[in-house]
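A.B. asks: sequence unavailable; structure follows:
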């Protein structure tokens, strides 16, 4: 695996952990036990979109130059589907995480 990709994945994981810890501390200070923090959802979505767009950029160029235009069209559709599904997935994931966290304080 290329060092640049490893750094990108590591940066994404570090940002996710920082955002989730910030959410935990900010929710504890305000006394919010239920619901999803909109700021946390936006931050996680933005960080994940940054990662997905970077990976899609590299992958689409690799597909274009190795497999051709037709395969690139399919790859673009898959990349768009993943990017569109990201906010929904984080909303669901944060809801489940908050439900688990409130059940086990």
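C.D. replies: Perfect, thanks for sending it. Keep in mind that what you see is a predicted model, and the values were worked out from it rather than measured.

A.B. asks: chain center to the longest helix seen in the chain, what's the gap?
C.D. replies: In the chain, ranked by residue count with DSSP state H as the criterion, the top helix is helix 69-103. When distances are taken as Cα atoms, centre = their mean, to the nearest Å, helix 69-103 is centred 7 Å away from the chain's centroid.

A.B. asks: please identify the buried residues of that helix?
C.D. replies: Residues 72, 75, 79, 86-87, 90, 94, 97-98 are the ones in helix 69-103 that count as buried (16 or more other Cβ atoms under 10 Å). All C-beta atoms are positioned from the backbone trio N, CA, C, and that covers glycine.

A.B. asks: next: stretch 37-54.
C.D. replies: 37, 40-41, 43-45, 47-48, 51-52.

A.B. asks: low-confidence ranges, the protein, go.
C.D. replies: Confidence mapping of the chain against pLDDT under 70 gives the ranges 1-2, 22-36, 100-105.

A.B. asks: related to what we said a few turns ago, in JSON lines, list the buried residues of helix 69-103 along with distance to residue 61.
C.D. replies: Shown next, in JSON lines, are the buried residues of helix 69-103 (distance: Cβ to Cβ, whole Å):
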{"residue": "72", "distance to residue 61": "9"}
{"residue": "75", "distance to residue 61": "10"}
{"residue": "79", "distance to residue 61": "12"}
{"residue": "86", "distance to residue 61": "21"}
{"residue": "87", "distance to residue 61": "25"}
{"residue": "90", "distance to residue 61": "27"}
{"residue": "94", "distance to residue 61": "32"}
{"residue": "97", "distance to residue 61": "35"}
{"residue": "98", "distance to residue 61": "38"}
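
A.B. asks: before we move on, back to that, packing partners of the longest helix of the chain?
C.D. replies: Other elements packing on helix 69-103 under the criterion 3 or more Cβ pairs under 8 Å, 6 or more residues apart in numbering; DSSP states H and E are helix 38-67.

A.B. asks: show me how far the helix it packs on is from its chain's centre.
C.D. replies: That offset, for helix 38-67, works out to 9 Å (Cα atoms, centre = their mean).

A.B. asks: quick one: that helix to helix 69-103, angle?
C.D. replies: On the basis of axes from the mean of the first three to the mean of the last three Cα atoms, to 10 degrees, helix 38-67 is oriented at 150 degrees to helix 69-103.
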